[in-house]
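Participant: Sequence and predicted structure, then a few things I'm wondering about:
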Amino acid sequence: MSETNPHPTEAKPGQAAAASSAGEPYLVVDDLTVRFPTADGLVQAVSNLSYSVELGKTLGIVGESGSGKSVSSMAVLGLHDERSAQISGSIRVDGKDIVGLSDAQMRQMRGNTVAMIFQDALAALHPFYRVGAQLTEAYRIHHPSASKKEARRRAVEMLDRVGIPEPQSRVDDFPHQFSGGMRQRVMIAMGLINDPSLLIADEPTTALDVTVQAQILDLLQDLQREFNSAIIMITHDLGVIAEMADDVLVMYSGRAVEYGPCKEILTHPEMPYTWGLLSSVPDVSSDINARMIPIPGTPPSLLHPPKGCAFEARCNHSDKVGGDLCATTLPDMRSGGRGQTHLKRCHLPDPDAIFLSEVLPQIAPELAASESNQSSEES
Amino acid sequence: MFGYVVRRLMSSVLVILLASFAVFAIFYLGPSSPAQPVCEGSGRACTPERLANIEKSMGLDKPVLEAYGTYMKGVVVGRDVVIGAAEYDCGAPCFGVSYGTRAQVTDELKERIVPTILIAIGGSLVFLTVGVGIGIAAAARRGTIGDRVMVSGSLLVSSVPYYLLCLLAWLYLTLKTDIFPTTGYFPLSDGDPFKTFTGLLLPCLVLGVASSPVYARYSRGQMVDTLGDDFIRTAKAKGLRGRTVLFKHALRAAIVPIVTIFGLDFGTLLAGTIFTEKIFDVQGIGVWGLDAIRPPQDLPILTVTVLIGAVFIVVSNLIVDLVYGVLDPRVRLG
C-alpha cells in the first residue's frame, strides 16, 4: 500500500494508542456486537463475532439472509449510522481500532484502504452519473491533488484492468448501458481504484449467471494476486466459497457458528447448521433424481434470541446431546478434535463421526464410501 | 429525440385546439345567449327582438362550428368584430373585443400577463428554496426533533386557508405596519424596476410560503426514499462527505419527480393566481378572469383567460416531459 493516511489518528489521552503489533493480521474483528434499537426492542444483528483476515488471503462468510454477514461487514467500513446502531467490541484495521472513530477519520479509510463492492451493481451505481464520473469521484476523494485528467486516465486504466472492452469510450457510458456482468466489473473497478488493502465483496456474483459469475471470481482472484489484498467474500453460495476462500466463517442468527480453513470446513464440518448448508447445495454431477435436502424451519427472531443454541429448534442432532443442554446453554466457539484452527459452536461430542456416518452418505454417497475406505486403511 | 419533440408539439397543438373549442362551445351553448351581456349592458331594455338583432350582428346566429371557425380565423389573421351597432378592427392575433371596455382583448392580455408571470416566477423561487430546502434538511435529519419540527411546522402552515394567509399578510405587513408599505403591481414600463420588485415581493413571499409545505413534504419523502437506495450506500463507502452524498448523490436522484410536479404547478400558476392578485391588488390574469365572470359577463375576456390557462398547462406538461429526458439519462425519448 503506497498510500499512507495523511492525517494519522491523534492518540487521545486516557486511551491506549492502538499500536500495530507486528504479525497481527490486517483485519482483526474481536468480540464485535452490533445492535439496532427499534420500536419493538433491540435487534441483536451481530453478537460477539471474532475473525481475522491476512493480506493476500480470502475469508468467506456464509450464512442465510439475516445471519449478520452484511451487517458485520458494514461495521468494518463504519457504514452504520451511529444514531441507529450500537456497536461494541473492536475492529482493528492494520492495527488501528476503528470502532468509535469520528466520521472524518472513517472517511479517510473508506474506499481507500478498505473498499467494498456490492451486489446488484445496477442499484449500487448511481443511475444518473456516467461510470467515468463515479470512478473518478472515488479516486479524487482520496487523491485530492490528482487532476481530472489523471483521474480519468486512472478510471480508464481500471476499466481496462477489470476486462471491459474499449474502456476509452465505455468510461462515458451510464451504468444502465452495461450488461450485468460488465456492470459488476465497473463496481469492482471502483472498489479497487485506490488499491485497497482490504476488499469486502458483498455477494458480488449473486445477480449474475454462472458463466459470468465464474469470470468475476477469476477476476477477483487475479486482482488479489496482483495487489496482495485481503478479501472478505460474503455469500450464501458454498460453490463460491470453495472456489475463492482460504478461510470460512459460517454465521447463523448473528453469531459465528463455525470458523476455520476452507478445506477443513467443507470436508469435515462439525456444526449441524453447516451440514444443512452443504446438504442444500444442488450437485449437477450427482444423480439427477437425488434430492436437495433443505434445512427445515426458519431462523429465530433477532429481537428475542433463544437462550441456548440458536440452531437448536432446527437441529436434527440435538437429541445426541445429553439433557436439554442445547436449549438452555449457548455453546462457546471452541476447537474440537480437528485442530486448534477449526472452531465450532456446538455441544455435540463427536460431530466429525456423525458427519461421516450420517450426513455425508446422504449428500455424497461416493465421497462417503471413499472416506470410510480411507479411514479403515488408516486404522 | 427530434421526431419525439415534433410529435409532442403536434399533439400539444391538437390539445390546445380541442381546449379552445371546448371553451368556445361552453360559452356559446351556455344557458344564456352570449349576446345577453351586450344587450343588457347597453342601458336600454333588452327585448327579445334587440337580443336577436345583436346576436345576428355578432354572428352568433350561425352554427357553433362556423362561429368557432370565425373566431379561430381571427386569432390567426385578425378580423372585424361587431358588437351591437359598433364595429371594431381587431388585428391578429384577435381574441375578440371586450364587451365592457371595447378594447381589443389581446392588448390587455399582453399587459395582464406580465404581473402574473412575475408572481409565478417569484413565488416559485420562494417555495422551491424554502419548501425543497426544508424537505432536504428534514430528510437528512430523519427521525430527529428537527425533522419533526419541520414536518409539523409545514403542516401548520398548510392548514391555514390560503386566502386567510393572504389577508393576514396584507393586513399586518402592509396595512398596519410599514414592512411592505407598497404592495401591488407597478408596471415595468413606469421605469422604476425597484418599485415593481418591492410591490410584488410580498405577494410572491406569501404565495411561496403557502406552497412550501407541499414541496417540503414531497421532497422530504423523495429524499428519504433515495437516501435508502443502494447507490447512496456506495457513495458513503467511497468515503464521500455527508454533504456530498446528500446533495450530489441523493438530491440529484430525488430532484426528478420534484421537477415534474413543479412543472405542472408552474403552469397552473401562470394561468392566474386569483387570491394573490385580488388581495394584493395585482392586475393579472386571475383577477381579470374573475372580474369578467361577474355580470355583465365579458365573454371574450373569459374565453381568453381560460384558453391561456389551457395553453400554459399543456406547454408546461410538454416541457416537463422534455426536461425528464435531460434529467434522467435512462429515459430515451422516442
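Facilitator: Thanks, I have the structure now.
Participant: Roughly how far does A:Met168 sit from A:Val186?
Facilitator: One thing to correct before we go on: residue A:168 is Gln, not Met. Distance from A:Gln168 to A:Val186, counting by Cβ to Cβ, to the nearest Å: 14 Å. The C-beta positions use only the backbone N, C-alpha and C, and glycine is treated the same way.
Participant: now swap in A:Leu343 and tell me
Facilitator: Taking Cβ to Cβ, one finds A:Leu343 at 37 Å from A:Val186.
Participant: quick one: the strands in the chain?
Facilitator: Chain wasn't specified; assuming chain A. Counting by DSSP state E, chain A has strands at residues A:27-38, A:41-53, A:58-62, A:86-93, A:96-97, A:114-117, A:198-202, A:230-235, A:247-252, A:255-261, A:334-335, A:343-344.
Participant: should've been chain B
Facilitator: Using DSSP E, the strands of chain B run over residues B:78-83, B:86-91.
Participant: Have a look at A:Leu343 and A:Val186 and say which one is more surrounded.
Facilitator: Neighbour count, other Cβ atoms under 10 Å in any protein chain shown: between A:Leu343 and A:Val186, A:Val186 has more, with 27 against 23.
Participant: Does that one touch A:Leu159 like I think?
Facilitator: Yes. The pair A:Val186 / A:Leu159 is scored as a contact, 7.0 Å apart, by Cβ atoms under 8 Å.
Participant: Give me the common contacts of those two.
Facilitator: Residues touching both A:Val186 and A:Leu159 comprise A:Val131, A:Leu135, with contact defined as Cβ atoms under 8 Å, 6 or more residues apart in numbering or on different chains.
Participant: out of everything not next to it in sequence, what's closest to B:Thr305?
Facilitator: Nearest non-adjacent residue to B:Thr305, counting by Cβ to Cβ, 6 or more residues apart in numbering or on different chains: B:Gly289, 3.5 Å away.
Participant: nope, A:Asp120 is what I meant
Facilitator: A:Ala207 (5.0 Å).
Participant: again, but for B:Val23
Facilitator: Nearest to B:Val23 is B:Val306, by Cβ to Cβ, 6+ apart, at 4.8 Å.
Participant: For chain A, what lies in contact range of chain B?
Facilitator: Contact residues, chain A versus chain B (Cβ under 8 Å from any Cβ of the partner chain): A:77, A:79, A:83, A:103, A:107-112, A:115-116, A:118, A:120, A:123-129, A:137-138, A:141-142, A:174, A:176, A:190.
Participant: Filter the residues you listed down to the buried ones, PyMOL style.
Facilitator: Here is the PyMOL command that selects the buried residues among these (16 or more other Cβ atoms under 10 Å in any protein chain shown):
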select buried, chain A and resi 77+79+107+108+109+110+111+112+115+116+118+120+123+124+125+126+127+128+129+137+138+141+142+174+190
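Participant: Filter the residues of chain A next to chain B down to just the ones in helices.
Facilitator: Secondary structure defined by DSSP state H assigns A:Asp103, A:Arg107, A:Gln108, A:Met109, A:Ala123, A:Ala124, A:Glu137, A:Ala138, A:Ile141, A:His142, A:Met190 of the residues of chain A next to chain B to helices.
Participant: next one: phi and psi at the closest residue to the second one other than its chain neighbours?
Facilitator: Nearest-residue entry for A:Arg107: B:Gly239, 4.5 Å, with adjacent residues in sequence omitted and distances by Cβ to Cβ, 6+ apart. Its backbone dihedrals place B:Gly239 at phi 100, psi 20, with angles given as degrees, to the nearest 10.
Participant: before we move on, back to that, what pLDDT does the model give the residue nearest to B:Thr305?
Facilitator: pLDDT, B:Gly289: 91.
Participant: Surely it touches B:Leu299?
Facilitator: No. Using Cβ under 8 Å, B:Gly289 makes no contact with B:Leu299, being 11.4 Å away.
Participant: how about the residues of the stretch 1-150 of chain B that lie near chain A?
Facilitator: Contact residues (Cβ under 8 Å from any Cβ) of the stretch 1-150 of chain B with chain A: B:Gly143, B:Thr144.
Participant: Could you report the neighbour count for residue 75?
Facilitator: Reading this off chain A. 24.
Participant: meant chain B, my bad for not saying
Facilitator: 18.
Participant: Tell me how far it lies from A:Pro272.
Facilitator: Applying Cβ to Cβ, the value for B:Val75 to A:Pro272 is 84 Å.
Participant: Now do the helix or strand of chain B with the lowest mean pLDDT: which elements does it pack against?
Facilitator: When the helices and strands of chain B are scored by mean pLDDT, DSSP states H and E, helix B:36-41 comes last with a mean of 79. The elements that helix B:36-41 packs onto, with contact taken as 3 or more Cβ pairs under 8 Å, 6 or more residues apart in numbering or on different chains; DSSP states H and E, are helix B:48-57.
Participant: and the angle for the helix it packs on with strand B:86-91?
Facilitator: 30 degrees (axes from the mean of the first three to the mean of the last three Cα atoms, to 10 degrees).
Participant: Can you list the helices and strands that helix B:48-57 packs against?
Facilitator: Secondary-structure packing of helix B:48-57 (3+ Cβ pairs under 8 Å, 6+ apart): helix B:36-41.
Participant: The same query, at a cut-off of 10 Å, please.
Facilitator: helix B:36-41, strand B:78-83 (3 or more Cβ pairs under 10 Å, 6 or more residues apart in numbering or on different chains; DSSP states H and E).
Participant: So what touches it?
Facilitator: Helix B:48-57 is contacted by residues B:32-40, B:42, B:44, B:46-47, B:60-62, B:82-87 when judged by Cβ atoms under 10 Å, 6 or more residues apart in numbering or on different chains.
Participant: Just the buried ones out of the residues you listed, please.
Facilitator: Buried members of the contacts of helix B:48-57, counted by 16+ other Cβ under 10 Å: B:33-40, B:42, B:46, B:60, B:83-84.
Participant: Out of the strands of chain A, which gets the lowest mean score?
Facilitator: Of all those, mean pLDDT reaches its minimum on strand A:334-335 (a mean of 88).
Participant: Partner strands of that one, with direction?
Facilitator: Next to strand A:334-335 in the sheet, as set by DSSP bridges, lie strand A:343-344 (antiparallel).
Participant: what's the spacing between the strand it pairs with and its chain's center?
Facilitator: 17 Å (Cα atoms, centre = their mean, to the nearest Å).
Participant: do stretch B:127-141 as well
Facilitator: Relative to its chain's centre, stretch B:127-141 lies at 24 Å (Cα atoms, centre = their mean).
Participant: Give me the buried positions along it.
Facilitator: B:127-128, B:130-140.
Participant: Hmm, A:Ala310 and A:His304 touching each other?
Facilitator: No. Counting by Cβ atoms under 10 Å, A:His304 sits too far from A:Ala310 to count as a contact (11.0 Å).
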